[in-house]
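Trainee: model this:
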Amino acid sequence: MLALETQKAFDAYESIRHRLPSASFPKNATTLSHVEILFEHVDGFFLDAFGVLNVGTGAIEGAKKFIETLHKAKKPFFILSNSASMPKAYLLAFFHSVGLPFDASQVITSREVLWRVFDPHSKPSWGVIAQQEQALEQTFSHAFAPDEAFWNSDAFLFLGSVSWNETLQKRWIESLHVKAKPIWIANPDITAPRGEGIYSKEPGFYTLLSDDALFEQMSFVGKPFNTIFEYALQRAHQEWGISKERILMVGDTLHTDILGGCAAGVKTMLLEDYGFFAHQNVDPFIDQSGIIPHFRLKNYETLFHS
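Mentor: Alright, predicted model coming up:
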């Protein structure tokens, strides 16, 4: 997967802004200086994974302390991740390996939400874009790319882009222009932070940026779209007894975490130093997009200074 620079990634999101949910934003963001200020306004948390807990294969310094602080303050949380390339068990194993031992109930992925709303029997056969060695959680007629049967499928399911490339994309798009077919995408992210200002091309890059005729055939599950927030809010109400006005979505990306959170009616906080905007001045990006979080946090060190 080729790298995308921060500005190019941001511009890509802006170019398809009309395809993303509409939302209302606060007039100004409050810059946080201490964790206690945050707790005055928030009772429950939705946390992004990439750019908030980890970047690439390493945990972010301070993330573990932040989680411990939430536990100590008895503030419940869900990890709300667009991770869809692998079953949730693999994500849990990764978190355990970097010192973040979450329970399965604390992690909500777009992949697991997909299986709640996706009907695999709505079409006779599905072409699946994902790593072939990762078993699917449901049984239905399918073929993985780039097997020849993939191209003749009645519809498509895009889970992960690791095995995808520009050559396959070109053939796929050309075939869809000949005969349009339904496409389900379990990760709307255009990019993901890999560290050092490097961003990989994710399923959203190959789908959200398509022309209008193809976009009309697409169904997205994951931030910023509402399905994942709807599921998380339903669970938060049932399990926490907390209204959405007292829930905070913490993320590193304006167009997914912040836009999606505001569209869902929760409070939002942009964490700036680690993920999408690492080594960047965020102000111009907020000004250009008009996507304003309720809170801004430079880094975890700022949150815990004495």
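Trainee: tell me what the helix or strand of the chain with the lowest mean pLDDT is packed against?
Mentor: In the chain, no helix or strand scores lower on mean pLDDT, DSSP states H and E than strand 191-195, which sits at a mean of 74. Here strand 191-195 touches strand 54-55, strand 198-201, going by 3 or more CB pairs under 8 Å, 6 or more residues apart in numbering; DSSP states H and E. Every residue, glycine included, has its C-beta placed from N, CA and C.
Trainee: so what are the sheet partners of that strand and their directions?
Mentor: strand 198-201 (antiparallel) (DSSP bridges).
Trainee: give me the mean pLDDT for the strand it pairs with.
Mentor: Strand 198-201 shows a mean pLDDT of 78.
Trainee: and the next helix or strand past it?
Mentor: Next in sequence after strand 198-201, counting helices and strands by DSSP states H and E, comes helix 203-207.
Trainee: one step back: tell me which residues in the least confident helix or strand of the chain are buried?
Mentor: 191, 192, 193, 194 (16 or more other CB atoms under 10 Å).
Trainee: of those, which is the nearest to residue 52?
Mentor: Ranked by distance to residue 52 (CB to CB), those are led by residue 193 at 10.1 Å.
Trainee: give me the residues contacting the least confident helix or strand of the chain.
Mentor: Identification of contacts with strand 191-195 by CB atoms under 8 Å, 6 or more residues apart in numbering yields 3-4, 9, 12, 50-51, 55-56, 58, 199-202, 204-205, 252, 274-276, 278.
Trainee: which among those residues count as buried?
Mentor: 4, 9, 12, 50-51, 55, 199-202, 204-205, 252, 274-276, 278.
Trainee: tell me what the longest helix seen in the chain is packed against?
Mentor: Scanning the chain for the longest helix, with DSSP state H as the assignment, gives helix 166-178. Packing partners of helix 166-178 (3+ CB pairs under 8 Å, 6+ apart): helix 148-151, helix 212-215.
Trainee: output the helix or strand following the first one as CSV, nothing but the C-alphas.
Mentor: Same thing as helix 148-151. On the C-terminal side of helix 148-151, the closest following helix or strand by DSSP H and E is strand 155-158. Once non-C-alpha atoms are left out, strand 155-158 reads as follows in CSV (Å, rounded to 0.1, in the frame of the first residue of the first chain):
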residue,chain,number,x,y,z
ALA,A,155,-22.2,-8.5,-5.2
PHE,A,156,-19.1,-7.6,-3.2
LEU,A,157,-17.9,-7.3,0.4
PHE,A,158,-14.8,-5.1,1.0
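Trainee: quick one: average pLDDT of strand 155-158?
Mentor: 98.
Trainee: distance from the chain centre to that strand, please.
Mentor: 18 Å (CA atoms, centre = their mean, to the nearest Å).
Trainee: partner strands of it and their direction?
Mentor: strand 126-129 (parallel), strand 183-185 (parallel).
Trainee: how about these in CSV, adding mean pLDDT and distance to residue 247?
Mentor: CSV is the format used below for these (pLDDT from 0 to 100; distance: least, CB to CB, whole Å):
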stretch, mean pLDDT, distance to residue 247
strand 126-129, 96, 33
strand 183-185, 98, 25
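Trainee: can you redo the ones you listed as JSON lines with distance to residue 216 and mean neighbour count?
Mentor: Converted to JSON lines, those look like this (distance: least, CB to CB, whole Å; neighbours: other CB atoms under 10 Å):
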{"stretch": "strand 126-129", "distance to residue 216": "18", "mean neighbour count": "24"}
{"stretch": "strand 183-185", "distance to residue 216": "10", "mean neighbour count": "24"}
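Trainee: just give the closest residue to residue 67, not the sequence neighbours.
Mentor: In space, and not counting its chain neighbours, residue 67 is closest to residue 100: 6.5 Å by CB to CB, 6 or more residues apart in numbering.
Trainee: can you count the residues close to that neighbour?
Mentor: Neighbour count of residue 100, defined by other CB atoms under 10 Å: 18.
Trainee: pretty sure it is in a helix, no?
Mentor: No. Read with DSSP: H, G, I helix; E, B strand; the rest coil, residue 100 is coil and lies in no helix.
Trainee: for residue 207, see how far away it is.
Mentor: In this structure, residue 100 and residue 207 are 30 Å apart, going by CB to CB, to the nearest Å.
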